[in-house]
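# Below are the sequence and a predicted model for it; my questions follow.
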Amino acid sequence: MFVASNRFRVIPEEAAAFEAAWLGRESHLHELDGFVAFHLLKGPAVEDYVLYSSWTLWASKAHFEGWTRSEQFRRAHAGAGQSKPMTRGGPQFEGFEVLQTIGAHPAAVG
């Protein structure tokens, strides 16, 4: 498994617009082989930004790399950078090979 993450330092006054853009977008991830899950995470607010992270789980690094070369990727990122800036700098990508996964007992989740 492979985790692809992007960290965003969002300008506090733009946080609501940033969330709306992500939550209202059309996702094409489910169309790709190897896609497992997506999470949009909101972290702490500091003096000049609110930390967000997009977190995508893929069956393998090769599946993630296939996403980055796909038509779905191009459609999903077509308007990036066209509106006024919402972040302090660009996203910071981090990719991780999963070495271990421990899941909750089904009774603990439900």
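Cool, the structure landed.

# Return the distance of stretch 11-26 from the chain's centre.
Relative to the mean C-alpha coordinate of its chain, stretch 11-26 is positioned 13 Å out (Cα atoms, centre = their mean, to the nearest Å).

# what does that stretch contact?
Stretch 11-26 has contacts (Cβ atoms under 8 Å, 6 or more residues apart in numbering) with 8, 10, 40, 42, 45, 48-50, 52, 54, 76, 85-88. Where C-beta positions appear, they are placed from N, C-alpha and C, glycine not excepted.

# okay, among those residues, which ones form the most distant pair?
Using Cβ to Cβ, the two most remote members of these are 48 and 76, lying 27.9 Å apart.

# So which of the two has more stuff around it?
When residue 48 and residue 76 are compared for neighbours, residue 76 comes out ahead with 16 against 9, by other Cβ atoms under 10 Å.
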